[in-house]
Every structure is written in structure tokens, then in C-alpha cells.
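**Q** next input, structure requested:
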Amino acid sequence: MEIKFTDSIDSIDPEEWSSIINSDYPFLKYSFFNALEKSGCIGPESGWNPFYLLLYNQGKLSGIMPLFLKTNSSGEFVFDWSWADAFYRHGLPYYPKLVCSIPFTPASGPRLSLINGLDRTKAIKFIIKEVKNLSDKIDISSFHILFPNNKEKREFTNSGLRLRTSNSFHWFNNKYKNFDNFLNDFTSRQRKNLKKERSKIDSQGITMEKVQGNKITAKMWDNFYSFYQRTYYIRGSKGYLNLNFFKLIGKLMPEALLMILAKNSKGEYVAAALNFLDKESLYGRYWGSLEDYDSLHFETCYYQGIEYCIKNGLHRFDPGVQGEHKIKRGFCPIETYSLHWIKDERFKGAIDNFLSKEKKHIQSYNKSCIELLPFKESITKDIYKNGYNIRSRST
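**A** The predicted structure is shown next:
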């Protein structure tokens with residue numbers, strides 16, 4: 001085996017990339033990274049320097065891993081500021097670090113793609129060995145894999161990387177026939193509260209639209225982008241992504257996009273949310289509004305997405321990280337993961353202790369969140385016992 005690195009996706013043939021990725025997971029599409037690069041959203045000024053790993057076997061491109069040389073920790077959603085601070089307090093640089101991640105996208109999914117028939121265990125051990133060798137050549141402090149899927153979590157942990165546990169809130173489709181069928185899983189009180197919340201949309205004269213990617217117009221993109229930036233502006237910051245990026249993905253990967261828009265009584269757009277999708281899941285990513293409307297965020301970002309999943313048979317809805325307000329709306333707490341290798345062994349004990357304590361806290365927190373779910377007692381008990389596997393409906 002041999003590993004090469006490249007700082008531009010243009011150096012990789014799109015058809016080769018697609019054949020190796022062999023997945024409809026939207027954030028590993030060639031078009032997604034191409035749009036990030038062409039729009040300037042990743043590159044030296046952003047702190048996300050492309051460093052794609054290409055694995056060759058017998059001279060043939062056989063594996064791809066999206067790597068980045070990071071000069072900051074922005075846009076990762078796995079927070080390691082305290083680790084960087086510990087390095088600097090000991091007179092050591094934490095940056096650059098090597099990160100396998102989807103820029104600005106905390107959505108769990110595949111991170112290492114290999115051709116069929118290649119031994120994954122052997123490939124992973126080889127990759128880790130070469131990354132450690134690389135750390136001596138270009139002086140990187142560490143290697144991180146953010147939001148891998150469960151299979152990769154096990155594979156890389158077994159190969160010596162340290163596991164970090166975090167949490168998110170996802171909605172799971174229990175073979176629902178429609179939104180009311182979903183609400184039948186709620187207690188009567190919680191069902192009444194949610195219906196009341198949804199009724200506020202009509203009372204404010206707002207109507208909702210779901211628009212597939214190839215039908216999103218230039219005007220819709222312009223409106224969405226102004227809403228998106230306003231969300232950051234009122235927090236005193238600026239969105240990571242620019243309008244050119246959004247228009248590029250609209251052109252390059254419309255099959256993976258769903259925009260949900262809200263109109264006022266005058267027919268003017270007042271809010272929008274952009275979602276990505278594959279054959280299994282919906283991923284809520286970006287949202288914004290012209291002004292504040294009662295419960296509009298919940299309708300645009302959650303309820304409309306749930307309706308779409310039910311109608312189209314999607315199994316899961318990942319609306320983005322954080323947000324305890326999602327629990328009462330039927331989003332269940334789950335564990336998410338990251339994997340880490342720190343070059344300087346002097347930090348091993350402190351980091352292992354930190355990760356162990358953090359994991360216990362996350363697991364305890366998730367259990368307390370399950371108790372707050374709006375579901376009937378029998379369903380909550382089922383979740384405790386069996387997790388969030390799709391269950392056979394009895395009603």
C-alpha cells in the first residue's frame with residue numbers, strides 16, 4: 001500500500017472519487033468538497049487546508065479520506081479549545097493538527113472509503129502508521145476523526161485511537177403513516193402542546209413550502225442566504241459559508257437538497273431552512289428568518305422535516321447538534337463520537353482521564369434526557385431497553 005496527499009480536489013478524477021465513495025451520503029460527494037473549494041469557504045484563510053488522503057493498492061487508487069490541516073478549531077463542533085490551551089501553557093504548539101472531518105458539518109457518517117475487497121483492518125493500521133510518520137515530517141500535534149459512523153468508531157478504536165463521546169438529538173421513524181400517527185406516540189398532554197405550537201403558524205398567516213433542490217430558484221437562494229446570515233449577525237458573528245457555495249451546491253448536487261420556506265400573508269419569504277438528504281436520512285443544516293415569529297423555527301426546522309421523512313420513508317432526521325428544546329418535540333438523545341491520537345505522550349494520562357469523565361457525564365445526561373421525552377411510558381421503556389431501532393407498530 002501507498003499513501004499520497006493532495007491539497008486540491010481538482011487533482012482527483014470525479015468518477016474515481018464517486019466509485020470509491022460508493023455512497024449517497026451527501027457530505028462525501030465530490031460536488032460538496034468542490035463547492036467548498038471553489039467558493040473559498042475552505043482554504044488558508046478559513047483554517048481548513050485541504051489535505052485529502054489517497055490510498056493506493058498495487059498502484060491503483062483504492063481509498064479516500066477527507067483530511068484537513070487545521071490551524072484553528074473553528075467549524076468542527078467537537079470542542080478541543082482546552083486541549084489547545086494545555087499545549088500552549090506547556091510552551092507547545094497545538095496547531096497545525098490533522099483532522100478527518102466534513103467542514104462545518106457535525107453529521108455522523110462514513111469517513112474512510114475503500115474499494116470492495118480491500119482489508120479495512122489492514123488499511124486502517126497502515127493509515128495510522130503513515131499519519132504518525134507524517135507528524136514527524138510536518139510537525140503536526142495530533143490526528144482527529146470527527147463524527148465517524150459506529151462501524152468506524154469501533155475500527156479506529158481497535159487500532160489505538162482514543163474515543164471521545166458527545167451527544168446529539170435525532171428523530172427516528174417508527175414506521176409512521178403520517179404526522180398524527182407520530183403524535184399518537186406522545187402522551188396526551190405533550191400531544192396537545194405540540195398541536196398548539198403548530199397552530200400558531202396558521203394564526204400568524206404563514207404558509208410553508210418544501211422545495212426540492214432542482215426547483216430552488218435564484219430568488220430562493222438569495223432569500224435563504226440573507227436569513228442564514230441574519231441568524232449569525234444577531235449573535236455577533238458571520239456564517240462560515242458564502243452565497244457562492246450555496247448556489248454551487250444547488251447546481252452541482254440538487255438531488256441531495258431540500259429547502260423549506262415560510263411565506264407571510266403577503267406571499268413574501270420570511271424564513272428558510274436548508275436540508276441535505278440521502279436514501280436513509282434527512283440532515284437539517286442551516287436556517288434563518290427575516291424576523292422573529294412565534295414557533296416558526298420549530299415548524300421550519302423540525303416539524304416540516306419530520307413530515308418529509310414520514311412521507312418519503314426516511315428512517316432518521318438529524319437536525320444538527322445541541323438543543324435540549326428538541327427533546328419535547330420527539331428528538332431522542334444519542335451518543336456521537338470522535339477519535340483522537342495525540343503525538344506527545346506526556347498528555348496521555350490527562351486526556352484519558354478527561355475522556356473517561358466526559359463519557360460518564362454524557363451517558364448520564366442522555367439517560368436524564370430520555371426521561372424528558374414526550375412519549376408514552378411504554379415507548380420510553382422500550383427506548384431504555386432496545387434503543388432506537390425501528391420497532392414494529394402495535395397501533
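
**Q** beta partners of Phe172?
**A** When assigned by DSSP bridges, Phe172 has beta-bridge partners Arg316.

**Q** that one and Cys332 touch, don't they?
**A** Yes - using C-beta atoms under 8 Å, Phe172 is in contact with Cys332, at 6.3 Å. Heads up, the C-betas are built off the backbone N, CA and C, glycines and all.

**Q** can you list residues touching both of those two?
**A** Tyr388 (C-beta atoms under 8 Å, 6 or more residues apart in numbering).

**Q** residues contacting the most centrally placed residue in the chain?
**A** Centroid check for the chain by C-alpha atoms, centre = their mean gives Ala107 as the closest residue, at 1.5 Å. Neighbouring residues of Ala107 by C-beta under 8 Å, 6+ apart: 27, 147, 276, 283, 285, 318.

**Q** need the residues you listed in TSV with neighbour count, can you?
**A** Listed next are those as TSV, based on neighbours: other C-beta atoms under 10 Å:
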residue	neighbour count
Phe27	22
Phe147	26
Phe276	24
Tyr283	25
Arg285	21
Asp318	24
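
**Q** out of those residues, which is nearest to Lys200?
**A** The nearest member of these to Lys200, counting by C-beta to C-beta, is Arg285 at 24.4 Å.

**Q** which SSE is the closest one in?
**A** strand 281-289 (DSSP states H and E).

**Q** ditto for Asn133
**A** Per DSSP H and E: helix 120-138 holds Asn133.

**Q** need the contact partners of that helix.
**A** Residues outside helix 120-138 that contact it (C-beta under 8 Å, 6+ apart) are 1, 3, 5, 53, 55, 63, 65, 69, 96, 98, 112, 114, 140-141, 143, 155-156, 158-161, 341, 343.

**Q** what of stretch 1-19?
**A** Contacts with stretch 1-19, where a contact means C-beta under 8 Å, 6+ apart, come from 29-30, 33-34, 37, 49-57, 61-62, 64, 67, 115, 122-123, 126-127, 130, 134.

**Q** over to stretch 69-89?
**A** The set of residues external to stretch 69-89 that reach it, using C-beta under 8 Å, 6+ apart, is 44, 46-49, 51, 93-99, 101, 103-104, 106, 138, 140-141, 144, 146-147, 164, 166, 240, 321, 338, 344, 347, 350-351.

**Q** buried only: go through the residues you listed for me.
**A** Buried residues within these, defined by neighbour count using 16 or more other C-beta atoms under 10 Å: 46-49, 51, 94-99, 101, 103-104, 106, 140-141, 144, 146-147, 164, 166, 240, 338, 347, 351.

**Q** return the subset of these lying in strands.
**A** If you go by DSSP state E, the buried ones among the contacts of stretch 69-89 have 48-49, 97-99, 144, 146, 164, 166, 338 in strands.

**Q** might one say that Leu243 is in contact with Tyr225?
**A** Yes - when contacts are counted by C-beta under 8 Å, Leu243 is listed as touching Tyr225 (4.6 Å).

**Q** circling back: and the helix holding Asn133 with strand 142-146, angle?
**A** For helix 120-138 against strand 142-146, the angle by axes from the mean of the first three to the mean of the last three C-alpha atoms, to 10 degrees is 140 degrees.

**Q** going along the chain, name the helices of this protein.
**A** For the chain, applying DSSP state H gives helices covering 14-21, 30-38, 81-89, 120-138, 150-158, 179-183, 188-203, 218-233, 243-252, 296-298, 304-312, 348-370, 377-386.

**Q** comparing the ones you listed, which yields the minimum mean pLDDT?
**A** Among the helices of the chain, helix 377-386 carries the lowest mean pLDDT, a mean of 83.

**Q** that helix vs helix 348-370, what angle?
**A** 160 degrees.

**Q** flag every buried residue along helix 377-386.
**A** Residues of helix 377-386 classed as buried: 379-380, 382-383 (neighbour count, 16+ other C-beta under 10 Å).

**Q** among the residues you listed, which one sits closest to Gly213?
**A** Taking the buried residues of helix 377-386 together and measuring to Gly213 by C-beta to C-beta, the closest member is Ile383, at 33.4 Å.

**Q** hang on, isn't that closest one packed against Glu371?
**A** No - Ile383 lies out of contact with Glu371 (C-beta under 8 Å); the separation is 10.2 Å.

**Q** domains of this structure?
**A** By the assignment in automatic domain parsing, the chain contains the domains 2-160, 170-333.

**Q** would JSON lines of the ones you listed with distance to Lys360 be doable?
**A** Listed next are these as JSON lines, based on distance: least, C-beta to C-beta, whole Å:
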{"stretch": "domain 2-160", "distance to Lys360": "17"}
{"stretch": "domain 170-333", "distance to Lys360": "15"}
